[in-house]
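**Q** sequence-free structure coming up:
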């Protein structure tokens, strides 16, 4: 009975979604005075998202662009409702074009594209176009920027990060020198393996006498490599040409020998945009077709959206076109939770797949089932030019899409948009949209203060009211990265960092900051324990002008200190008290002495041996901040633990 009920509900949902119209729930525009576009959308931990694209602007999303009117690459992290958390600009005074972006095993991101810049962030080695690869860490910081090419024109289109930190990068090569040492014709399909720092391990070129381009590349768990390209050649490495331009896909062994080699398409032109692995172990490609024969059953217009599935041996499982009487094209495809797919693209048609078109080009989303059968399609835009470059199906049944928008009317009418192209991020739903909010979190790195090495630190989140442990995680031992979920609401919490052999660090967390962004960024440097090492005991509170320790308010700081001393039972230490520079010098010195003694008395009651402790009040000496602001004076009123020796 339960199965029948669920089946009925599933059928009801499919019928409901088939007849309901999709609509924009909200939309965000990121841009400046010039041309900006989003080309990639990726969901990250914490229900946050990465948007990658290009910007010509030097204001708005493009602030920091190296030259107005010339594209730089931009990567932005945004919340589930579109708030920008951070953004990074990469480029020079030449032109950078964005092609693809992937998440790396360390939760950073790697971007591939093309550059003509000789300066800025770019160290281009040859004239003309070069392939560009950018590695960012999880906070958007540039780790390395590399270019690859020769004295011809070379362009990057795809990248695949491997679990071991290496990369496969693909594109096209028109060079015979530099990193491109072999040519079979006009433009070769080129791909290479890079190490974890972006240095070339090996390169390979394939193709025929005409032009080939690698559009996607996938390394399988068995280390075979699937290369997805386009080809206009009819000989050499191309064994089964179909038409004027084909989707050319081949599987290579770990020794880079051909296992199989297939062309897909019809007698005219086919353009491949993307290929993804699916949950069935097969692969699904998407692009634009101009044929109505061969692997394409029919042709609707001057260009159709094309999707097809093939298995691990290259056998074509299905191939379908979608379109109207004019031009339609696909930019990307994602598998959805129900096993189907979501295609993003653009359309000029006013019939067929696009029942409604508002202008020159509308953005389009097409939902298909696991066999390519269309379930629904929607268009969005105004009288000018719009496109979706990628879209994600949320667990709530809603969708997020990213692309660009030029119009100021139609669906963009009430956005306050000015003229020009903007990056466009929008939520789409059959209803008013289900809640899907970003998780509140703190993120950063924990590093050794002396050498910058990562530390696998224990990180705890504590309720300041009752000292209950809310959560405990560990920083990644490979890179020191951490992501700690934070509660919502007004409760007072503190975060604590500690690791064997290191001093400690802790502070209160201002949850009010989460009204501006779901992310609080905190990098922590821990000092190794040795004579002279010190740590500030944050969160210790005293009665104003007195030395009485306020135990309730000081609970998190006292607990942190006690935990450190029990974790390191052999250290001997000084409890050092300090004040700001206001008032009488001798009184402040006595006050700092008495406050340090109050901390000592607490530790004695908690079982810490007096032989390990000494006490000193320094008064106004050794300030850590300027005393001309209240914030600086508050920082100078402190208690420190200083290592004096070992038992």
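**A** That came through fine. Fair warning: this is a prediction, and the values are worked out from it, not measured in the lab.

**Q** need the three-state assignment for residue 423.
**A** Following DSSP: H, G, I helix; E, B strand; the rest coil, residue 423 is assigned to strand.

**Q** beta partners for it?
**A** residue 30, residue 404 (DSSP bridges).

**Q** same for the helix or strand where residue 641 lies, what does it pack against?
**A** Assigned by DSSP states H and E, residue 641 belongs to strand 638-646. Applying 3 or more C-beta pairs under 8 Å, 6 or more residues apart in numbering; DSSP states H and E, we find strand 638-646 packed against strand 534-536, strand 571-578, helix 585-605. Using the backbone N, CA and C atoms, a C-beta is placed for each residue, glycine as well.

**Q** and residue 25, what helix or strand is that in?
**A** Using DSSP H and E, residue 25 sits within strand 23-30.

**Q** quick one: list the elements packing against that strand.
**A** When contacts are defined as 3+ C-beta pairs under 8 Å, 6+ apart, strand 23-30 sits against strand 422-429.

**Q** mind listing what's buried in the very next helix or strand once past the strand it packs on?
**A** The C-terminal neighbour of strand 422-429 among helices and strands, as given by DSSP H and E, is strand 441-448. Going by neighbour count (16 or more other C-beta atoms under 10 Å), the buried part of strand 441-448 is 441, 442, 443, 444, 445, 446, 447, 448.

**Q** distance to residue 339 and pLDDT for those - can I get that in JSON lines?
**A** Putting the buried residues of strand 441-448 into JSON lines (distance: C-beta to C-beta, whole Å; pLDDT from 0 to 100) gives the following:
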{"residue": "441", "distance to residue 339": "30", "pLDDT": "89"}
{"residue": "442", "distance to residue 339": "36", "pLDDT": "90"}
{"residue": "443", "distance to residue 339": "33", "pLDDT": "90"}
{"residue": "444", "distance to residue 339": "37", "pLDDT": "90"}
{"residue": "445", "distance to residue 339": "38", "pLDDT": "92"}
{"residue": "446", "distance to residue 339": "40", "pLDDT": "96"}
{"residue": "447", "distance to residue 339": "43", "pLDDT": "96"}
{"residue": "448", "distance to residue 339": "47", "pLDDT": "96"}
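
**Q** about what we covered before: between the strand holding residue 25 and strand 422-429, how big is the angle?
**A** Angle of strand 23-30 versus strand 422-429, following axes from the mean of the first three to the mean of the last three C-alpha atoms, to 10 degrees, is 160 degrees.

**Q** which residues sit against whichever helix or strand comes after strand 23-30?
**A** Downstream of strand 23-30, the next assigned helix or strand under DSSP H and E is strand 36-44. Contacts with strand 36-44, where a contact means C-beta atoms under 8 Å, 6 or more residues apart in numbering, come from 30, 49-57, 60-62, 74, 77, 98-103, 107, 109, 387, 389-392, 400-404, 420-425.

**Q** my guess is residue 186 meets residue 231, correct?
**A** No: applying C-beta atoms under 8 Å as the test, residue 186 and residue 231 come out as separate, 10.9 Å apart.

**Q** who has more neighbours out of those two?
**A** Shown here are residue 186 and residue 231; by other C-beta atoms under 10 Å, residue 231 has more neighbours (27 against 15).

**Q** thinking again about what came up before, so what sits against both of residue 186 and residue 231?
**A** Here residue 186 and residue 231 share the contacting residues 210, 211, scored by C-beta under 8 Å, 6+ apart.

**Q** one step back: please point out which parts of the strand holding residue 641 sit buried.
**A** By neighbour count with 16+ other C-beta under 10 Å, strand 638-646 contains the buried residues 638, 639, 640, 641, 642, 643.

**Q** parallel or antiparallel, list what pairs with it.
**A** Strand 638-646 has these strand partners (DSSP bridges): strand 534-536 (antiparallel), strand 571-578 (antiparallel).
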